[in-house]
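Engineer: Can you look at this prediction? I've put the sequence above it.
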Amino acid sequence: MKSKSNWIISPPFFVRMCFNGALWRADTSEKKVFLTFDDGPVPGVTPWVIEQLEQYGFKGTFFCVGDNIRKYPRIFQLLADAGMAVGNHTFSHVPGSRLSLGAYLKDVERAQEYCGGSTLFRPPHGLIWPWWMPALKKRFSKVVLWDVLSRDYDRALSPQQVIDGVIENIRPGSIIVFHDSLKAWPNLQVALPKVLEWLHANGFTSGALA
């Protein structure tokens, strides 16, 4: 039986089934994963993440907060210049549990003005009601959740715990979540290079979601 922390890192089947139509993991037997990064763009952190990925020829998908794109358009442009994919992560990064569906969709649509009409969406904190999925699927080709959550934002975890939690759960097609945020930075700056090194050494590639 999985511990509660493992359920968070890699959600069990019955949780995934509650969100009909969401993408948790890519359907592939190839040694390929999809590295994703939430909450940017952020000065210093996002450019560093791009550099780390480029060292191995990896691509990633960045689920961006609309208000951060508004504040840091030049950093957002770096993602396009590097050939990274971009997804909508709402404008104000508010959990869906705090809003009505109408208010939530307005926040999502406001973010679209800055995301360049992205076809990918990820709810902040993974928190939306399952019955909101049809409305979101009308607006996006993919509502992306995760197969492996790094929990890099958790200051109670050491970088090594973050590394171990990711590596122990990686499998072909895994959608892996890191955060290009200041909150995650203490763990991210240690964990991400080690995970990338492990992926490369074990014959994995990383692609951008489309």
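Structural biologist: Good, I have the coordinates.
Engineer: Need the contact partners of stretch 19-26.
Structural biologist: 11, 16, 32, 34, 128, 130, 133-134, 137, 142-147, 171, 173-175, 209 (CB atoms under 8 Å, 6 or more residues apart in numbering). Placement of C-beta: from N, CA and C, glycine included.
Engineer: and the lengthiest helix in the chain, what other elements does it pack with?
Structural biologist: The residue-count maximum for a helix in the chain (DSSP state H) belongs to helix 185-201. In this structure, helix 185-201 packs against helix 45-55, helix 159-167, strand 175-179, with contacts taken as 3 or more CB pairs under 8 Å, 6 or more residues apart in numbering; DSSP states H and E.
Engineer: And these: which comes nearest Phe121?
Structural biologist: Checking those against Phe121 by CB to CB gives strand 175-179 as the closest, at 13.3 Å.
Engineer: what angle sits between the closest one and helix 45-55?
Structural biologist: For strand 175-179 against helix 45-55, the angle by axes from the mean of the first three to the mean of the last three CA atoms, to 10 degrees is 140 degrees.
Engineer: how far does strand 175-179 sit from the chain's center?
Structural biologist: Remark: strand 175-179 is offset 4 Å from the chain centroid, using CA atoms, centre = their mean, to the nearest Å.
Engineer: Same question for stretch 89-106.
Structural biologist: 17 Å.
Engineer: cool, stretch 171-189 as well?
Structural biologist: Using CA atoms, centre = their mean, the offset of stretch 171-189 from its chain centre is 7 Å.
Engineer: List the neighbouring strands of the top strand by length along the chain plus their orientation.
Structural biologist: Looking across the chain with DSSP state E, the single longest strand is strand 32-38. Here strand 32-38 is paired, per DSSP bridges, with strand 60-64 (parallel), strand 175-179 (parallel), strand 205-206 (parallel).
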